[in-house]
Every structure is written in C-alpha cells, then in structure tokens.
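Asker: With the input below, show me the fold.
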Amino acid sequence: MGDEVAKSFEIPSAEGKPRFNHPVAAIFHVFFRTSALLVYILLPIIFSGHFIEIFLTTILLLSVDFWTVKNVTGRLLVGLRWWNKVEEDGTSVWVFESRKKAANNGVEALFFWAGLFAFPVVWLFFLFTAIVGVSLQWAVIPITALALTGANVVGYVKCRKDAGAKLSAMAGQFIGHQLLKQATQGN
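Answerer: Residues are numbered from 1 along each chain as shown. This is a model prediction of the structure:
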C-alpha cells in the first residue's frame with residue numbers, strides 16, 4: 001500500500017522513468033519552509049496585531065523544517081547527513097555521513113541544493129525589508145529563519161566537501177593499490 005501511494009507521486013520523465021526516487025521527501029523538503037514563509041507573509045495581513053501567534057507558528061514550522069532537512073531529506077535526496085556534537089572537554093566536533101554510492105538522481109540533487117540555498121536568500125530579503133521598514137519586532141523571525149536555514153547550508157556544504165575528500169582519498173588508495181599490484185606482478 002505504501003509503495004502504491006509513493007508511486008502515485010512519481011513524475012514520469014520522457015523515458016518513462018520517475019524523476020524523483022523519493023517524491024515524498026522532495027515535497028517535505030520545501031513544504032515546511034514554504035509554509036513558514038506563507039505564515040510570515042500572509043498572516044500579518046489577515047490577523048494584524050497577532051505577532052506572538054504568527055511568531056510561534058513560524059518558528060515551529062522553521063524548527064520542523066530544520067529537523068526534516070537535516071535528518072531526512074538530505075539523507076534521502078543527496079545521501080548526506082551531518083550533526084555537531086560537543087565533547088566532554090567542551091570542544092565542538094562536526095560529524096559527517098555520506099552514502100557509499102553517490103546519489104544517482106541529478107534531479108533530486110538539484111532540487112535539494114536549490115531549495116537549500118534559495119530560502120536563506122528569501123529570508124535575507126525579508127530581514128532587509130523589516131530593517132528598512134524599522135520593524136525590528138518582525139526582524140526577529142527572519143533572523144531566526146536565517147540561523148536555522150543557514151545552519152543547514154553550512155552543515156551540508158561541509159558534509160559535501162568532506163564526502164568529496166573521502167571519495168578522492170579512496171580513489172587515490174585504489175590507484176596506489178593497483179600500481180603497487182602491477183609493479184609487484186611485473187617482476
């Protein structure tokens with residue numbers, strides 16, 4: 001039953017193959033962040049004077065988005081996951097995981113990275129408009145949004161860089177092993 005529901009979301013490409021291997025993850029990659037933006041933009045128009053309710057709703061949506069992108073959609077759409085842990089001595093350590101096999105679906109990867117980078121830019125625009133409009137109370141929401149979305153951007157950029165370094169090291173080890181093997185067999 002679950003497979004049938006997932007297949008109903010698949011978007012066929014020209015070859016008849018699905019463009020998204022994880023369509024539900026792709027939807028949720030943008031759902032909570034888009035919802036937070038809509039709440040921030042539309043609710044003040046509809047419910048003026050209800051800053052606390054709008055603030056709490058937006059922050060709740062942004063928090064769920066942070067967790068979803070960090071723990072679910074990044075792992076499914078691009079094969080990356082990150083977290084930061086604090087050691088007993090108080091030092092902060094970044095931990096990165098990457099799929100052994102690189103993500104094959106370029107459409108999902110493009111969708112993930114576009115969504116990851118686009119929304120902080122939008123929130124930066126709203127921060128600028130709140131500051132220019134001298135509405136510092138409303139600037140708190142974009143600042144929080146930038147902190148949460150920015151943490152995911154930094155985490156995934158570092159994770160991707162780490163995965164690339166690991167892949168290069170593995171390739172170098174493989175080539176070195178093959179050269180050593182050829183050199184020892186040639187004698």
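
Asker: Would you mind listing the buried residues in stretch 122-142?
Answerer: For stretch 122-142, a neighbour-count test (16 or more other CB atoms under 10 Å) marks Val122, Trp123, Phe126, Leu127, Ala130, Trp138, Ala139, Val140, Ile141, Pro142 as buried. In this view, the C-beta of every residue, glycine as well, is placed from N, C-alpha and C.

Asker: and the third one, what element?
Answerer: What that stands for is Phe126. helix 106-132 (DSSP states H and E).

Asker: Would you pull up how far that helix lies from the middle of the chain?
Answerer: Remark: helix 106-132 is offset 11 Å from the chain centroid, using CA atoms, centre = their mean, to the nearest Å.

Asker: mind putting the buried residues of stretch 122-142 in JSON lines, distance to Phe112 included?
Answerer: Converted to JSON lines, these look like this (distance: CB to CB, whole Å):
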{"residue": "Val122", "distance to Phe112": "17"}
{"residue": "Trp123", "distance to Phe112": "18"}
{"residue": "Phe126", "distance to Phe112": "23"}
{"residue": "Leu127", "distance to Phe112": "24"}
{"residue": "Ala130", "distance to Phe112": "28"}
{"residue": "Trp138", "distance to Phe112": "29"}
{"residue": "Ala139", "distance to Phe112": "28"}
{"residue": "Val140", "distance to Phe112": "28"}
{"residue": "Ile141", "distance to Phe112": "24"}
{"residue": "Pro142", "distance to Phe112": "22"}
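
Asker: Just flag the most distant two among these.
Answerer: Val122 and Val140 (16.5 Å; CB to CB).

Asker: So the residue most central in space within the chain versus Ser48, what's the distance?
Answerer: When CA atoms, centre = their mean is applied to the chain, the residue found nearest the centroid is Val69 (4.4 Å). Here the criterion is CB to CB, to the nearest Å. By it, Val69 lies 31 Å from Ser48.

Asker: cool, Ala118 as well?
Answerer: In terms of CB to CB, Ala118 sits 28 Å off from Ser48.

Asker: Looking at these two, which is more packed in?
Answerer: Comparing Ala118 with Ser48 by other CB atoms under 10 Å, the one with more neighbours is Ala118, at 13 against 9.
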